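Participant: Mind looking at a prediction? Sequence and model below.
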Amino acid sequence: MRTPTAAGWVKPALFLLCLVPVIDLAHGAWTNTLGVNPLETLTRSTGTWTLRFLLLTLLVTPLIRVMRTPALLRYRRMLGLFAFFYASIHLGTYLWFDKFFDWQEIWLDIQDRLFITAGVTAFLLLVPLALTSTRRAQRALGNAWNRLHRLIYVATFAGLLHYFWLVKADYLEPIIYASIFAVLMLARIRKSSTVNVSGVS
Amino acid sequence: MLIRIPKRSDEKESAVTDPEIYRQRRVFMQQCAAGMAGLAGGLLVGGQAQAGLTLGTPRSSPYSTDEELTPMHAATHYNNFYELGYKKEDPSRNAAALKTEPWTVEVEGYCENPGTYAVEDLVPMDQLEERIYRLRCVEAWSMVIPWVGVPLATALKKLRPTSQARYVAFQTILDPENLPGQRRNVLDWPYVEGLRIDEAMHPLTLLTVGMYGQVLPNQNGAPIRIVVPWKYGFKSIKSIVRIRFVEGQPPTAWNQATPNEYGFYSNVNPEVNHPRWSQRRERRIGEFRKRKTLMFNGYAEEVAHLYSGMDLHKYF
Ligand code: HEM
């Protein structure tokens, strides 16, 4: 098990690691090396990283149980907030580069296009989680905080639907991500009756 | 001079050609200098088509647009050619997996001259034209590409379709051993496409063997493909090995995969949205802002009459 001093540098290091994708994209945008359709690259890459961070966040609890390392819990909030961070950039690239803030067009899209509806649902579900991510909110909400934050399951599910619905023909990658999600959810169902770490759901 | 830059009408030349392309062509010509002795006029002599070789001096065409060309690098490194992989950068990377030699095209069905044809039997090299066309992908991006070929009608007339030939069906090469994309059933291989006979005979429909003055790179559908500029890109079937004249509407690959999303006609139409995204606008590759998509991709004057009286929402 980690000592508090070991964790002292792990957290900032993890923080920097989580920034690598966005720094990489910013660098690519600056040097114009994001391929032939750079705006598409930005949207796709940030969408993929949102999903990856949601799954990494969901990985923490099962990992704590399997490895018996409750100290890992301290990194979960950061991972969740990074998921929200990448989701916000992802949404931003859509609003700007895809729609140029044409709100009428965006509203039509949300109504007409199932994959956009699912994506927006996923994003809206993440907003209250990000807003209540502070220790203060966690204390104030007590047990309700745990229940509220189970919305991440629904958000990730909606994000996966979003992915399945936007694919044209090759479903391999969404199937891989969905399988990881399924494993992480199964791990919860099977263990939920035995162990209960406070603040972990 | 054996190799020269293909000429469009002179007043267009400077307005149209991207300096980047001129640079690439110059570099290319230097690389080619050594092989010049073998290059007499057309380059498909004896089936020795090789991506990158120039195609003599194709004639310019009044059907060409004077819009700015998409850089050749973009048009050859951002491709939907699922046989060579499902991501845009896959086809250029896996281009070598497509074996274009030897290559023959089987001609079958309702015509007087069925048989096995070499590329140069179908495409008379002394009649090559350059056609600068807009290309609109169903995914809402677009390019401007100088193709080299002959009107498909020129080839079809030689094959002498009979009156029963109401449609033309095309098929792409099937070679799962070499083509990485055909190892999984992402589409129902081989890729098939089709046109109504009047669409196939329309002077805009180009039987294509080159682009940017050079032999088609593999990732763009070597050695022989069609280009139908008023339809979404996937109608312009690549690497053709079979042409069949048929009576009924032939099956088409994307329509079979997802019938409610991709119709047989698939004419570019800003009024008919793809179920999953709007077709009103498009991103011209290289541009930041999106453009308005034009009816029939801007070729309405030439082709709208083919569909008069048809409900284009129904026949999408
Ligand atoms: C938690 C929320 C979300 C997740 C997990 C997510 C995830 C993804 C993923 C994995 C992709 C595919 C990347 C690829 O093709 O490699 C994607 C693409 C995309 N997403 Fe999202 N997304 C989310 C929210 C949104 C929202 C709110 C919008 C817009 C309103 C949106 C719009 C798009 C668009 C336009 C694409 C590109 C589609 C294409 O290129 O065909 N997403 N997203």
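Facilitator: Yes, it's here. Numbering: from 1, shown residues only, chains lettered A, B, ... in the order given.
Participant: so what pLDDT did the residue nearest to A:L151 when sequence neighbours are not counted get?
Facilitator: Here the nearest residue to A:L151 in space, its sequence neighbours aside, is A:L125; by CB to CB, 6 or more residues apart in numbering or on different chains that works out to 5.0 Å. (Glycine included, C-beta is placed from N, CA and C.) Looking at A:L125, its pLDDT stands at 98.
Participant: How much space separates A:L125 from the ligand?
Facilitator: Using CB to the nearest ligand atom, to the nearest Å, one gets 8 Å for the distance from A:L125 to the ligand.
Participant: Quick check: B:L187 touching B:A253?
Facilitator: Yes - if you go by CB atoms under 8 Å, B:L187 and B:A253 touch, sitting 5.3 Å apart.
Participant: how about the helices in the chain?
Facilitator: This is for chain A. When secondary structure is read from DSSP state H, chain A shows helices at A:4-30, A:38-67, A:76-93, A:103-112, A:114-131, A:135-141, A:143-149, A:151-166, A:172-191.
Participant: looking at chain B here, not the other one
Facilitator: B:10-16, B:19-32, B:72-77, B:90-93, B:119-122, B:152-159, B:197-201, B:253-257, B:300-303.
Participant: Check residue 169 and give its pLDDT.
Facilitator: With no chain named, the answer covers chain A. 90.
Participant: nope, chain B
Facilitator: 98.
Participant: got any ranges where the chain has weak pLDDT?
Facilitator: Since no chain was named, I'll use chain A. Applying pLDDT under 70 to chain A picks out residues A:1-7, A:191-201.
Participant: To clarify, I was referring to chain B.
Facilitator: Those would be B:1-52, if you go by pLDDT under 70 across chain B.
Participant: who's in contact with the residue positioned nearest the centre of chain B?
Facilitator: The centre of chain B sits closest to B:V227, judged by CA atoms, centre = their mean, with a distance of 3.2 Å. Contact partners of B:V227, counting by CB atoms under 8 Å, 6 or more residues apart in numbering or on different chains, are B:R131, B:Y133, B:L135, B:W147, B:G149, B:T205, B:L206, B:T208, B:S236.
Participant: Who does the third one form a beta bridge with?
Facilitator: Here B:L135 sits in beta bridges with B:M143, going by DSSP bridges.
Participant: quick revisit: what's the closest of the contacts of B:V227 to the ligand?
Facilitator: B:L135 (18.1 Å; CB to the nearest ligand atom).
Participant: pretty sure that closest one contacts B:G233?
Facilitator: Yes - shown here, B:L135 and B:G233 form a contact pair, counting by CB under 8 Å, at 5.7 Å.
Participant: what residues does chain B put near chain A?
Facilitator: B:73-74, B:77-78, B:82, B:86, B:88-89, B:139, B:141, B:184, B:186-187, B:257-258, B:273, B:275-278, B:283, B:285, B:288-290 (CB under 8 Å from any CB of the partner chain).
Participant: Quick one, which of those residues are buried?
Facilitator: B:74, B:77-78, B:82, B:86, B:88, B:139, B:141, B:186-187, B:273, B:276-278, B:283, B:285, B:290 (16 or more other CB atoms under 10 Å in any protein chain shown).
Participant: Of those, which belong to strands?
Facilitator: B:W141, B:R283 (DSSP state E).
Participant: what's the spacing between the closest residue to B:L179 other than its chain neighbours and B:Q171?
Facilitator: Among residues not flanking B:L179 along the chain, B:E83 sits closest, at 4.5 Å (CB to CB, 6+ apart). Noted for B:E83: a distance of 12 Å to B:Q171, by CB to CB, to the nearest Å.
Participant: Ok, B:I243 next?
Facilitator: Taken as CB to CB, the span from B:I243 to B:Q171 is 8 Å.
Participant: what about these two, which has more around it?
Facilitator: Higher neighbour count among B:I243 and B:Q171: B:I243, with 26 against 22, using other CB atoms under 10 Å in any protein chain shown.
Participant: can you tell me how far the more buried one sits from B:P161?
Facilitator: Relative to B:P161, and taking CB to CB, B:I243 is found at 10 Å.
Participant: Name the residues contacting each of the two.
Facilitator: Common neighbours of B:I243 and B:P161 (CB under 8 Å, 6+ apart) are B:V168.
Participant: sorry, back to before: residues that sit against both of B:E83 and B:Q171, list them.
Facilitator: B:Y191.
Participant: For chain A, what's its nearest residue on the stretch 101-250 of chain B.
Facilitator: In the stretch 101-250 of chain B, the residue found nearest to chain A is B:V186; the distance is 4.8 Å by CB to the nearest CB.
Participant: near chain B, which residues of chain A show up?
Facilitator: Counting by CB under 8 Å from any CB, chain A sits next to chain B at A:35-37, A:39-40, A:97, A:100, A:105, A:108-109, A:112-115, A:165-166, A:168-170, A:172.
Participant: gap between the residue in the stretch 51-200 of chain B that chain A sits nearest to and A:T93?
Facilitator: The nearest approach of the stretch 51-200 of chain B to chain A comes at B:Y78, 3.6 Å away (CB to the nearest CB). From B:Y78 across to A:T93, the span is 18 Å (CB to CB).
Participant: cool, and B:P62?
Facilitator: 41 Å.
Participant: more crowded one of the two?
Facilitator: Using other CB under 10 Å as the criterion, B:P62 and A:T93 rank with A:T93 on top: 20 against 7.
Participant: list the contacts for that one?
Facilitator: A:L39, A:L42, A:T43, A:T46.
Participant: ok, the closest residue to the first one other than its chain neighbours - how many residues close by?
Facilitator: Which is A:L39. Distance criterion CB to CB, 6+ apart; nearest residue to A:L39, sequence neighbours excluded, is A:F97 at 4.2 Å. A:F97 has 17 neighbouring residues, counting by other CB under 10 Å.
Participant: Over to the one 3 residues further on?
Facilitator: Counted by other CB under 10 Å, the residues lying close to A:F100 total 13.
Participant: List the contacts of it.
Facilitator: With CB under 8 Å, 6+ apart, A:F100 has these contacts: B:R289, B:K290.
Participant: Please tell me how far it sits from A:T93.
Facilitator: From A:F100 to A:T93 the distance is 12 Å (CB to CB).
Participant: Also B:R166?
Facilitator: B:R166 is 46 Å from A:T93, by CB to CB.
Participant: Check A:P12 too.
Facilitator: 28 Å.
Participant: so what's residue 187 up against?
Facilitator: No chain in the question, so chain A it is. A:P62, A:R65, A:V66.
Participant: right idea, wrong chain: chain B
Facilitator: Contacts of B:L187 (CB under 8 Å, 6+ apart): A:A169, B:Y82, B:A253, B:W254, B:A257.
Participant: ok, how many other residues are close to the closest residue to the second one other than its chain neighbours?
Facilitator: Spelled out, that is B:Y82. Excluding its sequence neighbours, the residue lying closest to B:Y82 (CB to CB, 6+ apart) is B:G181, at 4.7 Å. Using other CB under 10 Å, B:G181 has 21 neighbouring residues.
Participant: Much appreciated, bye for now.
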